[in-house]
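1. When you get a sec, could you give me coordinates for this:
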Amino acid sequence: MWAPLRHPMYRRLVIGRVTTFLGNAVAPVALAFAVLDLTGSVAALGIVVGARSLANVALLLLGGVLADRLPRGVILQGASMAAAGSQALTAVAVLMGFASVPLLIVLSVVNGAVAAVSLPAASALTPQTVPPELLRQANALARIGINTAMIVGASLGGMVTALVGSGWAMVATAAVFAVAAVFYARVKAPEIDGDAPTRPLADLKAGWREFASRPWVWSVVASMLVINAAFVGGLMVLGPSVADETVGRLAWGFILGAQTAGALVGGIIATRWQPRRALLVGTALIAVTAAPLFALAHWPAIVPLAVAMVACGIAVEQFGVAWDVSLQENVPQDKLARVYSYDAMGSFIAIPLGEIAVGPLAQRFGASATLTGAGVLILLAVAAAVLTPGIRTLTLRKSAAG
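-> Sure, this is the predicted structure:
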């Protein structure tokens, strides 16, 4: 389990990623309550978080091209520094009292853009830092660290926001991103194909061919398009509103942390157990992500919400490790970041729609009906994915399956 940590570049990468996700866990909680305090409007919250997601989707493909041409550690360092700057400006606006919805939208766009540039690089860098036989452990261990950071970050986001305000939570987030940049600066992974001429359109077409030639890849991505829009829209937009009326902000922070606590347990399980048809098993388990939405709709109390979020975290982690290893084993290294970028774009492209639409839908049909409908959509998308032949037959290599 711990063998990948013997490799210095892997250690620096993991510390940088863990630190980044700590900041990413605090930021959305603080931003959500800052917008609610400023406007009292769920629709305004949906627009602000949707703007970040739109910027993220728009630049993902560029991030994939850059990560297959430039040193991935350098990309991550620059993105972390930019994220620190945007969070610092957001904190100043909130603390000084001149924050407005348009300003928060602009800063959210900046934050989403730098996250888009860094995501393919971070996902594709792991195989460069460990031997192939440690790939499964390296992915699972990184996710354990990331989920631990998210447990702490989500809880801190709720607690700090409740105790001293969202502005100071954003100050802490800016400092965390700056620390991540220091560790990324020490990851000296070389360019994958640095001598090849950079032709953005041709590079994108080559990445698309790799993505589209594998039905099991685009089938999973298509299902995650629906699942992510329903889950994120329900949890991150309607969730804070329901929490304000039921369990309270402090409890909501712990409930969000429960998901990552479950993911931590799931990561430990994934280091020890990976079935030969891991992608099929992981995809089927994604159905559990409907449970928190049903709980918010019909039983918004601390215990059922926490239990549903723990189960959700365990399930998502089994899928996440299986998905990473499946891609890293089957996609050429010099095109891996571009495939990751198409994966991320397809998986995330509908999130802004879900975030923006869920507020008006809740106003029209009620929060309970909207959350129930989102949960049903998740179950239908999972059912469609597990019936795909490529997903049902894909097996991991013997070294990965253990």
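2. Any idea how many residues pack against residue 213?
-> 10 (other Cβ atoms under 10 Å). C-betas here are computed from N, CA, C, even on glycine.
3. Quick check: phi and psi on it?
-> phi -80, psi -10 (degrees, to the nearest 10).
4. what stretches of the stretch 151-300 of the chain score poorly on pLDDT?
-> 151, 189-200 (pLDDT under 70).
5. quick one, phi/psi of the residue nearest to residue 221 when sequence neighbours are not counted?
-> Among residues not flanking residue 221 along the chain, residue 346 sits closest, at 3.8 Å (Cβ to Cβ, 6 or more residues apart in numbering). Residue 346 has phi and psi values of phi -60, psi -40 when expressed as degrees, to the nearest 10.
6. give me the number of residues near residue 346?
-> Quick note: residue 346 (other Cβ under 10 Å) scores 21 neighbours.
7. Read off the pLDDT value for it.
-> For residue 346, the pLDDT comes out at 78.
8. The one 5 residues further on too?
-> In the predicted model, residue 351 carries a pLDDT score of 76.
9. before we move on, back to that, so how far is residue 208 from the residue nearest to residue 221?
-> Per Cβ to Cβ, to the nearest Å, residue 346 is found 11 Å from residue 208.
10. Residue 236 too?
-> According to Cβ to Cβ, residue 236 and residue 208 sit 30 Å apart.
11. Check residue 169 too.
-> Distance from residue 169 to residue 208, by Cβ to Cβ: 39 Å.
12. So which of the two has more stuff around it?
-> residue 169 (28 against 14).
13. who's in contact with the more buried one?
-> 26, 29-30, 156-157, 160-161 (Cβ atoms under 8 Å, 6 or more residues apart in numbering).
14. neighbour-wise, which of the residues you listed leads?
-> Each of the contacts of residue 169 was scored for neighbours by other Cβ under 10 Å, and residue 157 scores highest at 31 neighbours.
15. That one contacts residue 30, correct?
-> Yes. Taking Cβ atoms under 8 Å as the definition, residue 157 is a contact partner of residue 30 at 5.5 Å.
16. Show me the helices in the stretch 301-402 of the chain, by range?
-> 302-330, 333-348, 351-365, 367-386, 389-393, 398-401 (DSSP state H, counting those that start in this stretch).
17. Out of those helices, indicate the one that is most buried.
-> helix 333-348 (a mean of 23; mean count of other Cβ atoms under 10 Å).
18. Could you list the alpha-carbon positions for that helix in PDB?
-> The C-alpha coordinates for helix 333-348 follow below in PDB (Å, rounded to 0.1, in the frame of the first residue of the first chain):
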ATOM      1  CA  GLN A 333       1.000   7.900 -22.400                       C
ATOM      2  CA  ASP A 334       1.600  10.600 -25.000                       C
ATOM      3  CA  LYS A 335      -2.200  10.900 -25.500                       C
ATOM      4  CA  LEU A 336      -3.400  10.200 -21.900                       C
ATOM      5  CA  ALA A 337      -3.900  13.800 -20.800                       C
ATOM      6  CA  ARG A 338      -6.000  14.500 -23.900                       C
ATOM      7  CA  VAL A 339      -8.200  11.500 -23.200                       C
ATOM      8  CA  TYR A 340      -8.500  12.700 -19.600                       C
ATOM      9  CA  SER A 341      -9.500  16.100 -20.900                       C
ATOM     10  CA  TYR A 342     -12.200  14.700 -23.100                       C
ATOM     11  CA  ASP A 343     -13.300  12.500 -20.200                       C
ATOM     12  CA  ALA A 344     -13.500  15.600 -17.900                       C
ATOM     13  CA  MET A 345     -15.200  17.800 -20.500                       C
ATOM     14  CA  GLY A 346     -17.900  15.100 -21.200                       C
ATOM     15  CA  SER A 347     -18.400  14.400 -17.500                       C
ATOM     16  CA  PHE A 348     -18.600  18.000 -16.400                       C
END
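19. What is that helix packed up against?
-> helix 42-67, helix 101-125, helix 200-212, helix 215-232, helix 302-330 (3 or more Cβ pairs under 8 Å, 6 or more residues apart in numbering; DSSP states H and E).
20. Dump those into TSV; add distance to residue 265 as well.
-> Supplementary listing: the helices and strands packed on helix 333-348 in TSV, determined by distance: least, Cβ to Cβ, whole Å:
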stretch	distance to residue 265
helix 42-67	28
helix 101-125	22
helix 200-212	32
helix 215-232	19
helix 302-330	6
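21. quick revisit: residue 2: which of the helices of the stretch 301-402 of the chain is closest?
-> Nearest to residue 2 among the helices of the stretch 301-402 of the chain is helix 302-330 (16.1 Å), distances taken as Cβ to Cβ.
22. Please state the offset of that closest one from the chain centre?
-> 12 Å (Cα atoms, centre = their mean, to the nearest Å).
23. Mind giving me the packing neighbours of it?
-> helix 135-164, helix 215-232, helix 249-272, helix 278-285, helix 290-298, helix 333-348.
24. With distance to residue 325 as added columns, please give those helices in TSV.
-> Formatted as TSV, the helices and strands packed on helix 302-330 follow (distance: least, Cβ to Cβ, whole Å):
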stretch	distance to residue 325
helix 135-164	5
helix 215-232	13
helix 249-272	9
helix 278-285	7
helix 290-298	25
helix 333-348	12
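25. for those helices, which one sits closest to residue 201?
-> Among those, if distance is taken as Cβ to Cβ, the winner is helix 333-348, at 12.3 Å.
26. Can you check what angle separates the closest one from helix 302-330?
-> 150 degrees (axes from the mean of the first three to the mean of the last three Cα atoms, to 10 degrees).
27. With just CA atoms, put stretch 47-60 into PDB.
-> Taking Å, rounded to 0.1, in the frame of the first residue of the first chain, the C-alpha atoms of stretch 47-60 are listed here in PDB:
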ATOM      1  CA  ILE A  47     -25.400  31.200 -11.500                       C
ATOM      2  CA  VAL A  48     -22.100  31.800  -9.600                       C
ATOM      3  CA  VAL A  49     -21.200  28.200  -9.300                       C
ATOM      4  CA  GLY A  50     -22.400  27.500 -12.800                       C
ATOM      5  CA  ALA A  51     -20.100  30.200 -14.200                       C
ATOM      6  CA  ARG A  52     -17.100  28.400 -12.600                       C
ATOM      7  CA  SER A  53     -18.100  25.100 -14.100                       C
ATOM      8  CA  LEU A  54     -18.600  26.700 -17.600                       C
ATOM      9  CA  ALA A  55     -15.100  28.100 -17.500                       C
ATOM     10  CA  ASN A  56     -13.800  24.800 -16.400                       C
ATOM     11  CA  VAL A  57     -15.400  22.900 -19.200                       C
ATOM     12  CA  ALA A  58     -14.400  25.500 -21.800                       C
ATOM     13  CA  LEU A  59     -10.700  25.100 -21.200                       C
ATOM     14  CA  LEU A  60     -10.400  21.400 -20.400                       C
END
